[in-house]
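In: Got a predicted model here, sequence first, then my questions.
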Amino acid sequence: MNIARSFNNWRKYRQTITELGRMSNRELHDLGIDRSDIHRVARDATR
């Protein structure tokens, strides 16, 4: 069960980074996210 949960969390983390990384700086700003915050936001999304 832990392996499946870990894999799903990793997949969600990578998907979040990919999606946010494709956004322009303006789109990120509209969401209140700085480009340097992408990894933190992705980590928070898996909790």
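Out: Yep, that arrived. In this text the structure is predicted, and so the values were computed from the model without any measurement.
In: When you work out contacts or count neighbours from here on, use the C-alpha atoms and nothing else.
Out: OK.
In: Show me which helix runs longest in the chain.
Out: For the chain, the helix that runs over the most residues, judged by DSSP state H, is helix 2-21.
In: Tell me which helix or strand comes right after that one.
Out: Moving toward the C-terminus from helix 2-21, the next helix or strand (DSSP states H and E) is helix 25-31.
In: re earlier: only the buried residues of the longest helix of the chain, if you could.
Out: 9, 12-13, 16-17, 20 (16 or more other Cα atoms under 10 Å).
In: which of those residues lies closest to Arg43?
Out: Tyr13 (6.2 Å; Cα to Cα).
In: Over to the closest residue to that closest one other than its chain neighbours. Which of the three states is it?
Out: The shortest distance from Tyr13 to any non-neighbouring residue, by Cα to Cα, 6 or more residues apart in numbering, is to Ala42 (5.1 Å). Under DSSP: H, G, I helix; E, B strand; the rest coil, Ala42 falls in the helix class.
In: name the helices or strands packed onto the longest helix of the chain?
Out: Contact analysis of helix 2-21 by 3 or more Cα pairs under 8 Å, 6 or more residues apart in numbering; DSSP states H and E lists helix 38-45 as its packing neighbours.
In: ok, 10 Å please
Out: Helix 2-21 makes packing contacts with helix 25-31, helix 38-45 when contacts are defined by 3 or more Cα pairs under 10 Å, 6 or more residues apart in numbering; DSSP states H and E.
In: you'd agree Gln15 is up against Ala42?
Out: Yes - applying Cα atoms under 10 Å, one finds Gln15 in contact with Ala42, separated by 8.4 Å.
In: and for those two, which residues touch both?
Out: With contacts defined as Cα atoms under 10 Å, 6 or more residues apart in numbering, the residues adjacent to both Gln15 and Ala42 are Asn9.
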